[in-house]
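Visitor: pasting the sequence and the predicted coordinates here, then a few questions.
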Amino acid sequence: MDVSKLFYPSMAEALEAEAKAKKKKNGANKIGSIGRLPTPSIHYQPHVSATSNPYNFTNLFALFGENKNKILFSDMEGHSSTYNTELHSFMIMPDLNSPKGPNCLAAHITRTAAHARYDFDIRPDVDYDFFAYNPHGEHTDSLYLMDMNQGKPSSFELLAYYPVGEWQWCSLPLPPFFDDPEHKACNNISYAVIDGTRICISSATATYSFDTVALEWSKIGDWVLPFHAKAEYIPELKLWLGLSASSPSDLCALDLSTAAMDSCDVLPMVHHVGLDADLPEGWSLKNRTLVNLGMGRFCITMFFHTADDGPQVIVFTGVDVVPCGDNQQGGQALHRIKHKSKCLVTDRIEHVL
């Protein structure tokens, strides 16, 4: 979808349009219509070996790659492949060691010489020189998947390219909270990638860090991240920003850098970024996603059930997040600038990447 249609030419025009919209009484007047879906550019269906199972369907999509140009999809049996949006080509990938369900973490990390050095120490069949002298080669993209239902033998896996054996899925150590008999998988997985090498993830009661170089877990603190799903690092703000877990229409941000997280006994200060959501009566929120468009610009997608069991309505909103001085706690204050909202009536969209 062409997301440029969600934005005014300038922030000043966006602020002016928002001020005018607040004077209108009917919230529905503030939402425009996209119309029809764009023509599909690719099609997915279950692999041939799985078509005999009528309940088998494509259930996992994940975006990865330095330019976010690779889409991985996997079905209920763990068959997987990737689609390169730049080359317009498919590549069959090895089967996952354990199929992943929809309640799954997906994190992209660029492999470095440090990752390869560790591989070389524990796996003599890996050609370390390939990564040591080509740290930015075409196969440095890797994808980490973790199914939050801990009953599977390979709930946590890594897809990476090795010169010996090419693309492989490798099982990784499971997080400590999987050993807790009271752990229950939740629909919301709050996580973030820190410093390009660590995955920070929260259970229901605590937050842990996975070192992708040393392949080790460590506990950060007895607090949980405030995000709904993944938080994105925004270089312009030097903060990690995501949808708020406690307020469906709000954004929040905090500093997850190494300096801020070392010996952190309490949750770092959270920056709240409010977002007005004046919607027609009878709409109930079903799901929401945040897509980072770069340079502090985002697309917020909200899935709604309409009144009287009507069709699903998806609302796309363009937003800029900019710094605006210091807040009362001495940290950086953030301001959101809302651009346009467009809606689409369809039951054919399940994922927004």
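Guide: Great, that's in hand. Numbering: from 1, shown residues only.
Visitor: low-confidence regions, the stretch 101-250 of the chain specifically.
Guide: Within the stretch 101-250 of the chain, the stretches with pLDDT under 70 are 118-138, 150-151, 164-165, 181-185.
Visitor: that one: strands as residue ranges?
Guide: 104-110, 141-147, 156-162, 166-171, 191-194, 198-202, 207-211, 216-221, 227-234, 239-244 (DSSP state E, counting those that start in this stretch).
Visitor: cool, the stretch 251-353 of the chain as well?
Guide: Applying DSSP E, counting those that start in this stretch to the stretch 251-353 of the chain gives strands spanning 251-254, 271-273, 284-294, 297-305, 313-326, 332-345.
Visitor: for the residue nearest the centre of the chain, list each beta-bridge partner.
Guide: For the chain, residue 230 is the residue whose C-alpha lies nearest the centre (Cα atoms, centre = their mean; 4.3 Å). Here residue 230 sits in beta bridges with residue 191, going by DSSP bridges.
Visitor: go on, residue 288?
Guide: The partner residues for residue 288, given DSSP bridges, come to residue 302.
Visitor: need the contact list for it.
Guide: 228, 243, 248, 300, 301, 302, 303 (Cβ atoms under 8 Å, 6 or more residues apart in numbering). In this view, the C-beta of every residue, glycine as well, is placed from N, C-alpha and C.
Visitor: can you put the strands of the stretch 101-250 of the chain in a markdown table and add distance to residue 84?
Guide: A markdown table is the format used below for the strands of the stretch 101-250 of the chain (distance: least, Cβ to Cβ, whole Å):
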| stretch | distance to residue 84 |
| --- | --- |
| strand 104-110 | 14 |
| strand 141-147 | 11 |
| strand 156-162 | 14 |
| strand 166-171 | 13 |
| strand 191-194 | 22 |
| strand 198-202 | 24 |
| strand 207-211 | 27 |
| strand 216-221 | 32 |
| strand 227-234 | 22 |
| strand 239-244 | 27 |
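Visitor: give the residue spans of the stretch 251-353 of the chain that score low on pLDDT.
Guide: For the stretch 251-353 of the chain (pLDDT under 70), the answer is 259, 262-263, 276-278, 325-332.
Visitor: one step back: what's the closest of the strands of the stretch 251-353 of the chain to residue 156?
Guide: strand 284-294 (22.6 Å; Cβ to Cβ).
Visitor: buried stuff in the closest one?
Guide: Within strand 284-294, the residues that qualify as buried are 287, 288, 289, 290, 291, 292, counting by 16 or more other Cβ atoms under 10 Å.
Visitor: orientation of it relative to strand 227-234 in degrees?
Guide: 10 degrees (axes from the mean of the first three to the mean of the last three Cα atoms, to 10 degrees).
Visitor: return strand 284-294 as PDB; C-alpha atoms alone will do.
Guide: Listed next in PDB are the C-alpha coordinates belonging to strand 284-294 (Å, rounded to 0.1, in the frame of the first residue of the first chain):
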ATOM      1  CA  SER A 284     -14.500  -2.500  19.300                       C
ATOM      2  CA  LEU A 285     -10.800  -2.900  18.900                       C
ATOM      3  CA  LYS A 286      -9.600  -6.400  17.700                       C
ATOM      4  CA  ASN A 287      -5.900  -5.900  17.100                       C
ATOM      5  CA  ARG A 288      -3.300  -3.200  16.300                       C
ATOM      6  CA  THR A 289       0.100  -2.900  14.800                       C
ATOM      7  CA  LEU A 290       2.800  -0.300  14.400                       C
ATOM      8  CA  VAL A 291       4.900   0.000  11.300                       C
ATOM      9  CA  ASN A 292       8.100   2.100  11.400                       C
ATOM     10  CA  LEU A 293       8.500   4.100   8.200                       C
ATOM     11  CA  GLY A 294      11.800   5.800   9.300                       C
END
